[in-house]
Each structure stands twice: as C-alpha cells, then as structure tokens.
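Peer 1: output the structure for:
(2 chains)
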Amino acid sequence: MSILIPIIAVTVIGLLCGVMLTVADKFMSVPEDETFVKIRACLPGANCGACGYAGCDGYAHALAGNSSVKTNLCVPGADAAAAQIAAVLGVEAEDVVEKAAYVGCAGCEGYKDEYQGIQTCAAANLLFGGNRACSFGCLGYGDCAKACQRNAICIEGGKAHIQSNLCVGCGLCAKACPNHLIRVVPDTIKTIVRCSNTDKGALTRKACSHGCIGCKKCEKECPAGAIAVVNNCAVIDHEKCTSCGHCVEICTTGCLTAVDLTNATKCAG
Amino acid sequence: MRAMIVTILTAAITNNYVLVKFLGICPFLGVSKKLDQATGMSIAVIFVQLLATAVTWPIYHLLLAGRIDFTYMETVVFILVIAALVQLVEIVLKRYIPALHAALGVYLPLITTNCAVLGVTMNNISDGLGYVDSLLTSLGCGLGFFLAMVLFSGVRSRVANAKPTKSFEGLPITLISAAIVSLCFFGFAGVIDNLFG
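Peer 2: Residues are numbered from 1 along each chain as shown, chains lettered A, B, ... in the order given. This next block holds a predicted model:
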C-alpha cells in the first residue's frame, strides 16, 4: 500500500505537468513561419552544416527571412533540394556548385634517400620532409586514399590520383595530406597547376622535370589576367579563368594542365 | 539584512557551485568560450534556479514530506517539475516577452536538466533552509555561476591567445586552467565568516 501512493502521486504530478504544457502550447504557442515550414520540408535534415548555417533549421530560417540568401547552398540535397526551395520561394532555380578535388603535384621521379619507417605520408613527412627529391610533392603512401570514403583515390606510380566521377568534394583527403597538395575546387574548372613547389626555379628543376619554376610566362601571357606567380609557384584565380587553354600550351615545364574534373574515370585528377 | 547578504555571498563565493562544489561543469566548460554566450547562459541559470527553488520547496514540504513520507522520490519529482516548468516558461516568454526569449535563446531549454539547478534545490532541502533562505541561496548560487562563467571566459580567451602546445590545445588546457581557477576559489574559504562574523 505504501508504494502505491508515491506511484500515484508522481504519476499525477507528471500528468498535471503534461496537461499544463499541452494547454500552454495550445493557447500561447507562436505559429511558425509558413515559408520556413515548407523550406524545412525540402531540406534533407542531415544537419551537416555544409550550407554555412548551424543546421537545416538555421538555413531554412535564413532563407525564409532573407531573400538574398542563396537557394543552392545545400550540398547533400543537391539540385533537387535547390529546385524545391526555389519553387517555394518563387525564384529561379540555381544549380548546386558541385565540387571535386585534384592533386597539386604531377609526381616525382627522384628519391633523395631510402625510407623504411611507418608507411604513411604523415610519418614519412616528419623525417626531413619525406624521401622524395622534392619535399613539396606527393609522398605516395596513400594517407588521402585511406581518408577517402568513396574509394576515389588510387596510388599509381608513387603518386595519388583522384577519380573525379567518384569524388564528391568532401575535402577529407585535403585534410589528410601532410603537404596540403589536394585542393577542393568547383568541378567546372578546366585548368589546374599541378605543382606546389615554392623553391626557386633552379632548385625545382633539379628535383623535378615538370615542376613550376616560377618563370612568370603564364602570368604575362594569360589573356584574362587570372594567373599570378606567388612564392615561385603559379596560382590560378578560378573566378577570372576563362579556360582558354593558352597557358597550358605555353607552359615551359608542363605543370599547367588541362583537366576535366566532372567525370574523369581513371587516374586523371 | 546583514544575514541576507551573508547568505548570498556565501552561496556565491565560498560555496561556489561550479568551482567549489563541482556542479554544472558541462555548461561551465561548454559555453565559456565567449563572454556574451557565458553571460546569456548565466542569466538563464540565475532565472531558472530561482524559479525552480520557488516551486520545489513547497512541493517537498507540502507533498513529499506530507502525511505519507515519500521523500526518497525527491530527485525524480524535482527533475520532472523543473523540466516542465522551464518548458512552460519558454512558451510563455516566446509569446509575451520575445526579446527576453531571443536573449536567453537556446540556453533556456539547455539547462532544464542541469545538475547545478537540481543540486541547488536539493541542497536547500537537505540543509534544512526555510523558504526565504532557500530563495536567497539560489540567487547567490546563480550569481556565483555568473561570476565563475565570466571569470573563466576571460581565462580561456587569455589561454587561447597564449597558444598552448598542440597536445594541450582545446579541452586539456581548459581543464587545467579550470583546476587552477577552482584552487583560487578555495582560497575564499573563511573570508565571508571573518568579514561579517
């Protein structure tokens, strides 16, 4: 008997609290913005934060409240979500900018010493910047391939290659690379610099036949003015680049390369 | 009046809930990165702690310790009542005082099950305090939480600027600095007694 009364009492307290909250919610709740509810229904609910907001709710709130917020920021939802959001807001749909990664190194030929330690790029890089002749280049132990969740990276000829048709542009490989060679870019770009060596030209040439020697020929000749040589290595401004391909033709070492990042299937990126 | 001040100061400084009694550590470590967040959280804690004490004290003395004694259900009943109360307060604030609701933001629902809030209400009961003393103690505890949060957010930004060694970055160095701040607060033991005693 003595256990029954506490059980009843606690149940009654819980029930009262529940009823109180229900009544309060019924009479005092603030109705959610209708647009917000509709937009929220279009989003996948992954709360990944790729859009730059705290979660799907945050992005939906921003979209509902501010017409200048872009409708194509949701990466997991891709074009379908963007189209639905645009339909709700009554604006023109924009494509989601899909991204892909490429390796900023064409691969070394030479080795400066023999490395027999732990077979990861991170470990090899700790010992005098790796065993390759060029200390900026791909080490080829596949830290990036291990980080990739879509098996889009293969190591061939001692260098990482990214298969763009599998790549979703998540950037996990870029974080794994100790030499920061992998860059995530919009997959529409057609020209990349396949070198990250910032040594002076003569040193670069000694280590690698296709490294950027910082001759500035591309910088001078680019019709769009999109290339700048920073720290002895060419950098393309992809906003300005018109993909004319002139730099690829004139590059003296061949480190400027034409690529197709949308659906290269085998060892192209 | 003097007794009231002593009660508040004792609860805020010598018996500081975060740094001396180690309750409410999760918001202390979680939201103390920035000063404005720390302030928002602390104000929500002060508010909820007062409210929770105001409600749980009568429930304990009139219901739990009433004719049939089931005080062993204290924890369960208190959690239930505090959680429901905070939800209700949130609904009311959202409707009638949207500015305050926006200021307290996510912190209000966050502290529904905070151990500092529950700890204060339960300690008030086990210390045998009266209604007014209980309320004063909760106010003091809330102020103490505020003090600890503001102080510690300062410490944290200083530590972040000092660029600690890579292996200590983040939580490790935060815990070490929290320990040192806590040690400092133990130095306050006896200060209030000597000042007012």
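Peer 1: in the stretch 151-269 of chain A, what spans have low per-residue confidence?
Peer 2: Residue ranges of the stretch 151-269 of chain A with pLDDT under 70: A:263-269.
Peer 1: just the closest residue of it to chain B, please.
Peer 2: As assessed by Cβ to the nearest Cβ, chain B sits closest to A:P178 within the stretch 151-269 of chain A, at 14.3 Å. C-beta coordinates here come from the backbone N, C-alpha and C atoms, glycine included.
Peer 1: list the buried ones in the top helix by length along chain B?
Peer 2: If you go by DSSP state H, chain B has its longest helix at helix B:131-161. Buried residues in helix B:131-161, counted by 16 or more other Cβ atoms under 10 Å in any protein chain shown: B:133-149, B:151-153, B:155-156, B:159.
Peer 1: restrict these to those that also contact chain A, please.
Peer 2: By Cβ under 8 Å from any Cβ of the partner chain, no member of these lies near chain A.
Peer 1: where do the strands sit along the chain?
Peer 2: Here I'm looking at chain A. Shown for chain A, the strands assigned by DSSP state E span residues A:99-103, A:153-156, A:159-162, A:182-186, A:191-193, A:227-230, A:233-236, A:256-258.
Peer 1: what lines up beside the fifth one in the sheet?
Peer 2: With DSSP bridges as the criterion, the sheet partners recorded for strand A:191-193 are strand A:256-258 (antiparallel).
Peer 1: so which bits of the partner strand are buried?
Peer 2: A:L256, A:T257.
Peer 1: ok, stretch B:24-34 next?
Peer 2: Within stretch B:24-34, the residues scored as buried using 16+ other Cβ under 10 Å are B:G24, B:P27, B:F28, B:L29, B:V31, B:S32.
Peer 1: where does the second one sit: helix, strand or coil?
Peer 2: Think B:P27. helix (DSSP: H, G, I helix; E, B strand; the rest coil).
Peer 1: my read is that it contacts B:N114, right?
Peer 2: Yes - the criterion here is Cβ atoms under 8 Å, and B:P27 meets it with B:N114 at 6.6 Å.
Peer 1: shared neighbours of the two, which are they?
Peer 2: Common contacts of B:P27 and B:N114, defined by Cβ atoms under 8 Å, 6 or more residues apart in numbering or on different chains, comprise B:V45.
Peer 1: thinking again about what came up before, now tabulate the strands of chain A in a markdown table and tack on distance to A:A82.
Peer 2: As requested, those are exported to a markdown table (distance: least, Cβ to Cβ, whole Å):
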| stretch | distance to A:A82 |
| --- | --- |
| strand A:99-103 | 15 |
| strand A:153-156 | 28 |
| strand A:159-162 | 25 |
| strand A:182-186 | 15 |
| strand A:191-193 | 27 |
| strand A:227-230 | 32 |
| strand A:233-236 | 27 |
| strand A:256-258 | 29 |
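Peer 1: nearest to B:G128 among those would be which one?
Peer 2: Between B:G128 and the strands of chain A, the tightest spacing by Cβ to Cβ is seen for strand A:182-186, at 63.3 Å.
Peer 1: neighbouring contacts of that closest one?
Peer 2: Residues outside strand A:182-186 that contact it (Cβ under 8 Å, 6+ apart): A:97-104, A:144, A:160, A:162, A:169-171, A:173-174, A:192, A:238, A:261.
Peer 1: SS state for the residue of chain B found nearest chain A?
Peer 2: Nearest residue of chain B to chain A: B:A84, at 3.4 Å (Cβ to the nearest Cβ). Three-state call for B:A84 (three-state DSSP): helix.
Peer 1: ok, it to B:F78 distance?
Peer 2: Here B:A84 is placed at a distance of 11 Å from B:F78 (Cβ to Cβ, to the nearest Å).
Peer 1: one more: A:K200?
Peer 2: Distance of A:K200 to B:F78, given as Cβ to Cβ: 71 Å.
Peer 1: would you pull up the residue in chain A closest to chain B?
Peer 2: Using Cβ to the nearest Cβ, A:C17 is the residue of chain A that sits closest to chain B, at 3.4 Å.
Peer 1: what's the neighbour count on that residue?
Peer 2: A:C17 is flanked by 17 other residues according to other Cβ atoms under 10 Å in any protein chain shown.
Peer 1: which ones are touching it?
Peer 2: A:C17 touches B:L80, B:V81, B:A83, B:A84, counting by Cβ under 8 Å, 6+ apart.
Peer 1: how about JSON lines for these, with pLDDT added?
Peer 2: Compiled in JSON lines, these are given as follows (pLDDT from 0 to 100):
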{"residue": "B:L80", "pLDDT": "90"}
{"residue": "B:V81", "pLDDT": "89"}
{"residue": "B:A83", "pLDDT": "90"}
{"residue": "B:A84", "pLDDT": "90"}
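Peer 1: okay, helices next: where are they in the chain?
Peer 2: Went with chain A since none was named. A:4-28, A:34-42, A:56-65, A:78-89, A:121-126, A:143-147, A:172-176, A:201-207, A:217-221, A:246-250.
Peer 1: not quite, go with chain B.
Peer 2: So, for chain B - with DSSP H - the helices run B:2-9, B:25-30, B:35-58, B:74-96, B:98-104, B:107-110, B:115-126, B:131-161, B:171-186, B:191-196.
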